[in-house]
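Peer 1: Based on what follows, work out the 3D shape:
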Amino acid sequence: MGDDHNNDVPPDAVREQLRRILDSPGFDASERNRNFLAYVVEEALEGRSARVKAYTIATTVFRRDASFDPQLDSIVRIEAGRIRRSLEHYYLTAGVRDPVVITLPRGSYVPVFEVTASVTTAHAPPEVPARANRPSGCTILVAAFDEDGASSTFPNFARGFTRQVTVALTRFTDLSVLAADGRIDPENNMISGEYLAKLGVDFVLTGGTTVSEESFAIEVMLLEART
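Peer 2: A predicted model of the protein is given here:
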C-alpha cells in the first residue's frame, strides 16, 4: 500500500526524516515502538513491503516466538495504533515543518512516505487567519479517536465516543466545534499544521480507545494547533 507515493521519495530523505523523528522529544513513543517504526520503514525502503506483517513484526521486533498468532495476540495492532497517534502528534507539533511525512495507514503496517508541499517554504510560517475575521472564542477540531483492543466485539465504540465528545463540547457557547470527518487535508490524508491554520483551528482534541470484554480505557490529547 502506498508504493506509488513511496517511489517518489528518495530513500536517503526518508532515512533522514526517520532519524529526525526518532531523535525528537516531540515523538512520544516507547523504545520498542521506535524500533517498530524503524523496522517497517527500512523494510519498505528495501522493497520488502510484502514481509511487513503482524507475524514478522512480532517475531522480529517484539521477540515473540514462532508460535505467535496475530488472531490471538493483538499486540502488534495495538502498538501500531499508538505509533499512529505518536506520529500525528509529532507532525502537529515538532514536525510541522518537516519536508517528509511518514505515516502508517490504518489497516496496514506498511509505511507511506510523502514529500510535503511546504518543502520549498520550510521556513515560512503558515498564514493564520486574522483573529478579527474569526468567530469569538476558540475553535476546536475533534479528530476521530483510534480504536484498539476488541474492536470486532465493539465495532463502533470509538466512532460513537468521538461523536459524543463532539456533541458535548457544543454546549459551550464560546467554543466553535469542528468534526474531523471531511476536515482532513485531502492532499495528505492527514491533519497537517498548515491545514489547521487554513481552517482557523486553535486546538485539536484527539486520542484513542482501548476496549476489552471487561473494561475500556481512553487516552486523550489536547493540542495547541499553531505551536
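
Peer 1: Give the buried residues for the helix of greatest length in the chain.
Peer 2: Looking across the chain with DSSP state H, the single longest helix is helix 75-92. Using 16 or more other CB atoms under 10 Å as the test for burial, helix 75-92 gives 76-77, 79-92. Backbone N, C-alpha and C define where each C-beta goes, glycine included.

Peer 1: Who are the packing partners of that helix?
Peer 2: If contacts are counted by 3 or more CB pairs under 8 Å, 6 or more residues apart in numbering; DSSP states H and E, helix 75-92 sits against helix 31-45, helix 54-60, strand 100-103, strand 146-149, helix 193-199, strand 203-211, strand 216-224.

Peer 1: and the ones you listed as JSON lines, adding mean neighbour count and distance to Gln164?
Peer 2: Formatted as JSON lines, the helices and strands packed on helix 75-92 follow (neighbours: other CB atoms under 10 Å; distance: least, CB to CB, whole Å):
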{"stretch": "helix 31-45", "mean neighbour count": "18", "distance to Gln164": "29"}
{"stretch": "helix 54-60", "mean neighbour count": "18", "distance to Gln164": "31"}
{"stretch": "strand 100-103", "mean neighbour count": "21", "distance to Gln164": "27"}
{"stretch": "strand 146-149", "mean neighbour count": "22", "distance to Gln164": "14"}
{"stretch": "helix 193-199", "mean neighbour count": "18", "distance to Gln164": "22"}
{"stretch": "strand 203-211", "mean neighbour count": "20", "distance to Gln164": "11"}
{"stretch": "strand 216-224", "mean neighbour count": "14", "distance to Gln164": "11"}
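
Peer 1: would CSV of the ones you listed with distance to Gln71 and mean pLDDT be doable?
Peer 2: As requested, the helices and strands packed on helix 75-92 are exported to CSV (distance: least, CB to CB, whole Å; pLDDT from 0 to 100):
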stretch, distance to Gln71, mean pLDDT
helix 31-45, 20, 96
helix 54-60, 9, 96
strand 100-103, 25, 94
strand 146-149, 14, 72
helix 193-199, 37, 72
strand 203-211, 17, 84
strand 216-224, 21, 85
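
Peer 1: of the ones you listed, which approaches Ile140 most closely?
Peer 2: Evaluated over the helices and strands packed on helix 75-92, closeness to Ile140 peaks at strand 203-211, with 4.5 Å, by CB to CB.
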